[in-house]
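Chemist: my questions are about this predicted structure, shown below with the sequence.
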Amino acid sequence: MLPVVDLAGELVRINSVSPKAKSSTQNSGEIALAHWLTDYFQQNDFIVETQPVVGQRANLIARPRRFPADRPTLALEAHMDTVDVQGMTVSPFAAEIRDGALWGRGSCDVKGTLAAMITAALQWHHREPAPGLNVMVLAAMGEEMGTLGSQALAKQQWPFRSVLVGEPTNLQPVVAHKGLWRLSVETFGKACHSSRPEEGVNAIDSMFRLQEKIIHTLAPVFMANGENTLSMTTLHSGSMINIIPDHACLEIDARFAADTEVEAHWQAWQSSLAGDAAKLMELERKPAFSSRPDSPLLFALQSTAEKHGVVFQPHSERYYSDAGHFSAAGYDAIIWGAGDIRQAHTVDEHIPLQQLHLAVDRLLTLFEQYGRR
Ligand SMILES: [Zn+2]
């Protein structure tokens, strides 16, 4: 078994940048990483199953060889992919160790936490006598682009009720984040030469009228709870300065709190824009995350913090994560991990080594506390 810092370094050395498109079947480094992890788990007496999600891009599920069905089970989940390395000022895959930190793409988001989860799970299951709690590890593909891996995982029936979702949270629980709703609006016109505009229909003019409706009518209703946000993020139209455009396309990115009735908003948008000769499409709708009020995992994290004499600060975050799918499917999910989210996706991504050691210690205490319940 490797020390946690060495394991994190091995994971960083494998380039697992997410493909640009979420449904890309391009063989990304996630596959190489899953192969490496399979070998590592097997060498340490764990059984591994890989479940392809897109092409050969697969989720990996690892459980101890000794897995008594009559014992409670806790799942640890983290994603294997990373964001791109463009513009990085540190070597992305060298896994350099200096100034008390591990440097490279994914070190913080989220290979450091994945390494800590694996190390703690292996250490736990090599204890004698066999502990009263089964710990399994789920390594997901495609989190950074579409969260398809966790979506596939959350649809299945598992022997666990609680899942700890790894993201950099400074070892504090994240108990809520918003859902994601993405729309596109298209308007259509009739092209003609701009010297005779009366012979055409201008799709940009139609789009502006529609935008007015969105800004003054639809968006305020959606954002009335003071938490939801809605932004127009892309707008494309026109081909030449002297041609009346026959097509315009606007994209909208909205984020919503857990109690938002997105379906009702969707119906309202559809009927409101129905008469406008426009095409409204829902591109993506992903559930908000909100932990259960009676979360056994959160209680166990609280007693873990008490055992270690550290403050316990559950909080919410603004980013999207794999926890959305798990909580929507009824699992008791909490986001937790080593490192600071402000270090994620940066040009000099790194994670303090101390965070990795602390993460392993806290996880082992968490297993004890959770197993007690
Ligand atoms: Zn992440």
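Modeler: Received it, and whenever you're ready, just let me know what you need. This is a predicted model, so every value here is computed, not measured.

Chemist: can we go C-alpha only for contacts and neighbour counts from here?
Modeler: Noted.

Chemist: show the contacting residues for residue 145.
Modeler: 18-22 (CA atoms under 8 Å, 6 or more residues apart in numbering).

Chemist: which SS class is residue 39?
Modeler: Using DSSP: H, G, I helix; E, B strand; the rest coil, the secondary structure recorded for residue 39 is helix.

Chemist: reformat the contacts of residue 145 as TSV; add pLDDT, secondary structure and neighbour count.
Modeler: Formatted as TSV, the contacts of residue 145 follow (pLDDT from 0 to 100; DSSP: H, G, I helix; E, B strand; the rest coil; neighbours: other CA atoms under 10 Å):
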residue	pLDDT	secondary structure	neighbour count
18	88	coil	24
19	85	coil	21
20	80	coil	12
21	79	coil	11
22	77	coil	15
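
Chemist: quick check, nearest of those residues to residue 269?
Modeler: Proximity of the contacts of residue 145 to residue 269 (CA to CA) peaks at residue 22, which lies at 26.2 Å.

Chemist: hang on, isn't that closest one packed against residue 149?
Modeler: No - the pair residue 22 / residue 149 is not scored as a contact, 10.2 Å apart, by CA atoms under 8 Å.

Chemist: quick one: the residue nearest the centre of the chain and residue 78, what's the gap?
Modeler: Closest to where the C-alpha atoms of the chain average out (CA atoms, centre = their mean) is residue 321, at 2.8 Å. Separation of residue 321 from residue 78 (CA to CA, to the nearest Å): 10 Å.

Chemist: element containing residue 77?
Modeler: strand 73-79 (DSSP states H and E).

Chemist: per the record, what domains does this protein have?
Modeler: Residue ranges for the domains of the chain, per automatic domain parsing: 4-177+288-372, 179-286.

Chemist: which helix runs longest in this structure?
Modeler: Longest helix in the chain, counting residues (DSSP state H): helix 353-372.

Chemist: other SSEs contacting it?
Modeler: Applying 3 or more CA pairs under 8 Å, 6 or more residues apart in numbering; DSSP states H and E, one finds that helix 353-372 contacts helix 4-13, strand 101-103, helix 112-125, helix 296-307.

Chemist: give me the element residue 209 is part of.
Modeler: Assigned by DSSP H and E, residue 209 falls within helix 203-213.

Chemist: could you give the mean pLDDT of the helix or strand just after that helix?
Modeler: Using DSSP H and E, the helix or strand that follows helix 203-213 towards the C-terminus is helix 219-222. Across helix 219-222, pLDDT averages out at 97.

Chemist: ditto for stretch 162-179
Modeler: In the prediction, stretch 162-179 has an average pLDDT of 97.

Chemist: could you give the separation of that stretch from the chain centroid?
Modeler: 10 Å (CA atoms, centre = their mean, to the nearest Å).

Chemist: flag every buried residue along it.
Modeler: Buried residues in stretch 162-179, counted by 16 or more other CA atoms under 10 Å: 162-169, 171-179.

Chemist: still on that earlier bit, please enumerate the shared neighbours of residue 22 and residue 149.
Modeler: By CA under 8 Å, 6+ apart, the residues touching both residue 22 and residue 149 are residue 142.

Chemist: need the contact list for residue 61.
Modeler: 48-51, 136-139 are the contacts of residue 61 under CA under 8 Å, 6+ apart.

Chemist: again, but for residue 200
Modeler: By CA under 8 Å, 6+ apart, the residues touching residue 200 are 189-192, 244.

Chemist: 7 Å - rerun?
Modeler: For residue 200, the contact set (CA atoms under 7 Å, 6 or more residues apart in numbering) comprises 190-192, 244.
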